[in-house]
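Asks: What would the 3D arrangement of this be:
(one chain, ligands or ions: 1)
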Amino acid sequence: MSNNFKQTVFSGVQPTGNLHLGNYLGAIKNFVELQKKMKCIYCVVDLHAITVFQDSKELKKNMLETTATFIACGLDFKKSIIFNQSSVSEHSELAWIFNCISRIGWMNRMTQFKEKAGKNKENASVGLYVYPNLMAADILLYKATHVPVGDDQKQHLELVRDIAQKFNNDYKSDNFFPIPEPLIQKKLSRVMSLRDGKNKMSKSDESEYSRINLQDTEDEIYKKIKKAKTDSEPIPSRIEDLKNRPEALNLINIYSFITNKTLENTLDSMAGKDFSKLKKELSDALVATICPIGKKIKELKKDEKYLIDILKKGSNKAKEIAKININKVKDIVGFISH
Ligand code: TYM
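Replies: Below is the predicted model of the structure:
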């Protein structure tokens, strides 16, 4: 169905401070590749961030830091639209319409809400509950056909597809919204915590040792990888033998991905060796990849005006598309627009 639409990429990142290796390898690296071949729209999603309380000064700081991270990782604001979500009010308007399309049963299936709300569900914000409907609005407002994300967003993307389909069916406006395709890296869809290979690397993990932040220094990277959990077995020669060794698999996966090797190649060269060898090579590769990005982020952060200007220009471009599409949606729904 998406074939009838102009190929458009949309993705978003929450401004919740200090982005990490999982955000980079699972999503942002792919954003950079995609901007070489498609029209891309990348959004710093502040409306999503406030589904959990944010200190207003911190939020502003994190908005600029996330924008700096986009640029430092290689996004080009002349090629791609880079903007902040709250400055294009059509996101909220479409989200409301989707609140009325989406079903409570669908929301109740969302595992990320259950994880984030934890035991005290009654006390979670309503915004956190309907968060995936806003995500649908982000994507469909631009009629995006492709959405690069990490594996943890897969369920949300399935919901976005259901919302698009239901809107098209309910309003008998076949093909109005595309059914967007998730683009999930095959080789490394989920970077896991360095302390527990069964959990994803995450900003909200209490332990700093669980993740590599993009602004970590060389020393911090070496220390964190040195301390990363492994097991007492040597590196195996077959992929099957990594099945019940999540921490080992994670380090080997990260190493293979950033050095552009297949898992088989890595195992061929490392089989029988101790993890200290892999950790040394992994740290070197991480320092070479991450430290230049971190330095650039720190440099860019000093120039707030420059970053705000990028967001402003991007928001204006985003608004042009958003306005046209929201007016069409209002017309389909039966609203009278002035
Ligand atoms: P967020 O801000 O949590 O994460 C940003 C991107 O990073 C990916 N990611 C990971 N990938 C691999 N391994 C990990 N450990 C890891 N941690 C994070 C996420 O999958 C994501 O792609 N709901 C979204 C933001 C959003 C959005 C959208 C995304 C809002 N609207 C529309 C796509 C389209 C989120 O919270 O991502």
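Asks: Nearest to the ligand: which residue in the stretch 51-200 of the chain?
Replies: Residue nearest to the ligand within the stretch 51-200 of the chain: residue 150 (2.2 Å; Cβ to the nearest ligand atom). C-beta coordinates here come from the backbone N, C-alpha and C atoms, glycine included.
Asks: Could you tell me which residues of the stretch 151-300 of the chain lie near the ligand?
Replies: 152-153, 190-191, 200-201 (Cβ under 6 Å from any ligand atom).
Asks: what sits up against the strand or helix carrying residue 97?
Replies: Per DSSP states H and E, residue 97 falls inside helix 90-101. Helix 90-101 is contacted from outside by 47, 85, 130, 133-134, 136-138, 140-141, 163, 166-167, 170, 319, 322-323, 325-326, 329, 333, using Cβ atoms under 8 Å, 6 or more residues apart in numbering.
Asks: Next secondary structure element downstream of it?
Replies: Taking DSSP H and E, what comes next after helix 90-101 is helix 104-108.
Asks: mind listing what's buried in that next one?
Replies: 106-107 (16 or more other Cβ atoms under 10 Å).
Asks: mean confidence score for it?
Replies: What helix 104-108 shows for mean pLDDT is 97.
Asks: by contact count, what packs against it?
Replies: Under the contact criterion of 3 or more Cβ pairs under 8 Å, 6 or more residues apart in numbering; DSSP states H and E, helix 104-108 touches helix 126-140.
Asks: buried stuff in the helix it packs on?
Replies: Buried residues in helix 126-140, counted by 16+ other Cβ under 10 Å: 128-140.
Asks: I'd like the distance from that helix to the chain centre, please.
Replies: 14 Å (Cα atoms, centre = their mean, to the nearest Å).
Asks: Now tell me what touches that helix from outside.
Replies: Counting by Cβ under 8 Å, 6+ apart, residues outside helix 126-140 touching it are 10, 12, 43, 45, 47-48, 50-52, 85, 91-95, 97-99, 101-102, 107, 110, 112-113, 116-117, 147, 156, 159-160, 163-164, 167, 177-178, 180.
Asks: Thank you kindly, that will do.
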